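Trainee: I'll drop the sequence and a predicted model, then ask my questions.
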There are 2 protein chains.
Amino acid sequence: MPNNKIVSIDSKKVRCEVCSVASLVLPEFLGGKELELFESVVTHCCPVHRGDYIFQAGDTFRSIFAIKSGSIKTYTRKKAGNNQITGFYLPGELIGLDAIEEGVHHSSAKALETAAVCEIPFDHLEELSSTIPGLQRQMYRLLSKEIFQETNLLTLLGSKNAEERLAGFLLDFSNRFIKRGFSATDFYLSMSRNDIGSYLGLAVETVSRLFTRFHDDGLLHVERKHVQLKDMDRLKLLFNGGDNQSDQKQHG
Amino acid sequence: MPNNKIVSIDSKKVRCEVCSVASLVLPEFLGGKELELFESVVTHCCPVHRGDYIFQAGDTFRSIFAIKSGSIKTYTRKKAGNNQITGFYLPGELIGLDAIEEGVHHSSAKALETAAVCEIPFDHLEELSSTIPGLQRQMYRLLSKEIFQETNLLTLLGSKNAEERLAGFLLDFSNRFIKRGFSATDFYLSMSRNDIGSYLGLAVETVSRLFTRFHDDGLLHVERKHVQLKDMDRLKLLFNGGDNQSDQKQHG
DNA sequence: CGCAATATTGACCACTCTCAATGAGGGTGG
DNA sequence: CCACCCTCATTGAGAGTGGTCAATATTGCG
């Protein structure tokens, strides 16, 4: 597995492993004592390997999971033999939030590479969040953030063409990497082209062709999983498509 | 506005107006006294008319809103002059949940018809939910439900073709109407074809053509906003597309 | 009653999917 | 250490779904 890791993350893994989950997931609002309390409810914090499940569709919901290092994909079953990727998650992000309501996981979560994932039993978290006001607030914010991000993805799928989608995908990762202190323009994508295609609602071949085109156009340098964004401005322009200009393609 | 109301809802509006928001939005877990407390934080409960905004993108987030009657659409700005519809909301549903995290609305909410909408100041709700454990739990569930539903929509947009999308759209509304005690097979769609198209990531013309085709195929009877589903089984079959059968179109 | 907005329908074509072949990596076993 | 296999990625050619443009209802509103 040497090549398909997000190396920039792996290089910091040691540091991540020792720092607290709480400070990673809940960067604000919690004091030292509260952080400790939060840490106390985190039961497991085990490393997983590429292909390992964190949970599967159909599992009873008991915990949410915080990612400390590595990356995770979530997906739902689609048609025979195929999966619909619903998200890629990086350190500091939570998975399993969609299962709170029904008490059952409807999606599966699988490690894209070696990763450290912390289990947070939800009933403990609930109890704790009713005693620590700041934690409750943070929980609301985290859930809201997930909704907001999915709304953005909906907009992407509902109104953008193939190249706008891939540009948006890359810019999203760029933003998320930079927030974690990694390079905004030089990173490894731990997921396969197939996963990217499914996530963006495109065929694998289209994704592959677009990477080639972007490469040839000088927008980026790509070699398998390794991506270096070369022209962020044009990439952003591409993402925004016909915006600003008064052309109104699609759903006019 | 005689024709573009969801009449089956309107016919029950009087009843809805007098029953509590809480019992509509939070059907479980709250006792009589707690319901009263919850009601006390609901400041406004004003009627809105077709085209009225509940909130707009850019507004400071202060409240979430519960719909008591009528229907609401939410959307984000897309390209010049166009909107990307992100959701349609019916009585008992909450809007504005995506704005908690950043404290700013990134989407707008507009009434599709005359509707009753209750404002619930979020800081009050937060306070209250830390004193009533059942309320906190319900809030988590409601937020989680929104995430789950958006994930479903993502799957729809990411992996279904045009007719599967429209079938899914109709089945979704059918389910939501039946949960509210209305007919599962006979209802009015309060939104325009344009809105449906935007929501489903399709051109208006495609939506129109599909309605006609479904009508001609005997799947449903449609006359402008009035829809009567005639063959739920075939509609479900259509929605599931190539599932069950071992054909694996798209992202093979 | 006429204008504006919304729907419907048709013709055309482009974007993206499908199918198919080839190439490149990575892991396993001899 | 190399051969082999299997998965994943790339590239090409052709086809089809669905978008765009345009014209014509139909409805609603001032």
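Mentor: Nice, I can see it.
Trainee: Which per-residue confidence value corresponds to A:Val21?
Mentor: A:Val21 carries a pLDDT value of 68.
Trainee: neighbours around A:Ser40, how many?
Mentor: Residues within reach of A:Ser40, counting by other C-beta atoms under 10 Å in any protein chain shown, total 10. From N, CA and C alone the C-beta is placed, and that goes for glycine too.
Trainee: can you confirm it is in a helix?
Mentor: Yes: checked against DSSP: H, G, I helix; E, B strand; the rest coil, A:Ser40 lies within a helix.
Trainee: quick one, helices of the stretch 101-250 of chain A?
Mentor: Listed in chain order, the helices of the stretch 101-250 of chain A (DSSP state H, counting those that start in this stretch) span A:122-131, A:133-159, A:162-179, A:193-200, A:204-216, A:232-240.
Trainee: Not counting its own residues, what contacts the shortest one?
Mentor: Spelled out, it's helix A:193-200. A:73, A:75, A:82-88, A:112, A:156-157, A:162, A:165-166, A:169, A:189, A:191, A:202-204, A:206-208, A:211, B:158-159, B:251 (C-beta atoms under 8 Å, 6 or more residues apart in numbering or on different chains).
Trainee: May I see the ChimeraX selection of the buried members of those residues?
Mentor: In ChimeraX, this line selects whichever of those come out buried by 16 or more other C-beta atoms under 10 Å in any protein chain shown:
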select /A:73,75,82,83,84,85,86,87,88,112,156,157,162,165,166,169,189,191,202,203,204,206,207,211 /B:158,159,251
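Trainee: just checking: which of the contacts of helix A:193-200 also lie near DNA strand D?
Mentor: Restricting these to those within reach of DNA strand D (C-beta under 7 Å from any atom of the strand) leaves A:Val204, A:Val207, A:Ser208, A:Phe211.
Trainee: any idea how far DNA strand C is from the third one?
Mentor: Applying C-beta to the nearest atom of the strand, to the nearest Å, one obtains 9 Å for the distance of A:Ser208 from DNA strand C.
Trainee: residues touching that residue, list them.
Mentor: A:Arg193.
Trainee: which residue packs closest to the most centrally placed residue in chain A, ignoring adjacent ones?
Mentor: Nearest to the mean C-alpha position of chain A, counting by C-alpha atoms, centre = their mean, stands A:Tyr89 at 2.4 Å. Of all residues not flanking A:Tyr89 in the chain, A:Ile72 sits nearest, at 4.5 Å (C-beta to C-beta, 6 or more residues apart in numbering or on different chains).
Trainee: Can you tell me how far the one you found is from A:Phe65?
Mentor: Between A:Ile72 and A:Phe65 the computed distance is 8 Å (C-beta to C-beta, to the nearest Å).
Trainee: Find the residues that touch each one of these two.
Mentor: Counting by C-beta under 8 Å, 6+ apart, the contacts common to A:Ile72 and A:Phe65 are A:Ile54, A:Ile95, A:Ala109, A:Val117.
Trainee: Narrow these to those in strands?
Mentor: Those of the shared contacts of A:Ile72 and A:Phe65 mapping onto strands are A:Ile54, A:Ile95, A:Ala109, A:Val117, per DSSP state E.
Trainee: quick one on the thing from earlier: closest one to DNA strand D out of the shared contacts of A:Ile72 and A:Phe65, please.
Mentor: Closest approach between the shared contacts of A:Ile72 and A:Phe65 and DNA strand D, by C-beta to the nearest atom of the strand: A:Ala109, at 16.8 Å.
Trainee: Quick one: neighbours of the residue nearest to the closest one when sequence neighbours are not counted, just the number.
Mentor: Nearest residue to A:Ala109 in three dimensions, chain neighbours excluded: A:Ile54, at 4.0 Å (C-beta to C-beta, 6+ apart). Neighbour count for A:Ile54, taken as other C-beta under 10 Å: 24.
Trainee: coming back round to it: distance to DNA strand C added to the ones in strands among the shared contacts of A:Ile72 and A:Phe65, as TSV?
Mentor: Compiled in TSV, those are given as follows (distance: C-beta to the nearest atom of the strand, whole Å):
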residue	distance to DNA strand C
A:Ile54	21
A:Ile95	24
A:Ala109	21
A:Val117	21
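Trainee: Dump these to a markdown table, plus pLDDT.
Mentor: Output for those, formatted as a markdown table (pLDDT from 0 to 100):
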| residue | pLDDT |
| --- | --- |
| A:Ile54 | 94 |
| A:Ile95 | 96 |
| A:Ala109 | 95 |
| A:Val117 | 92 |
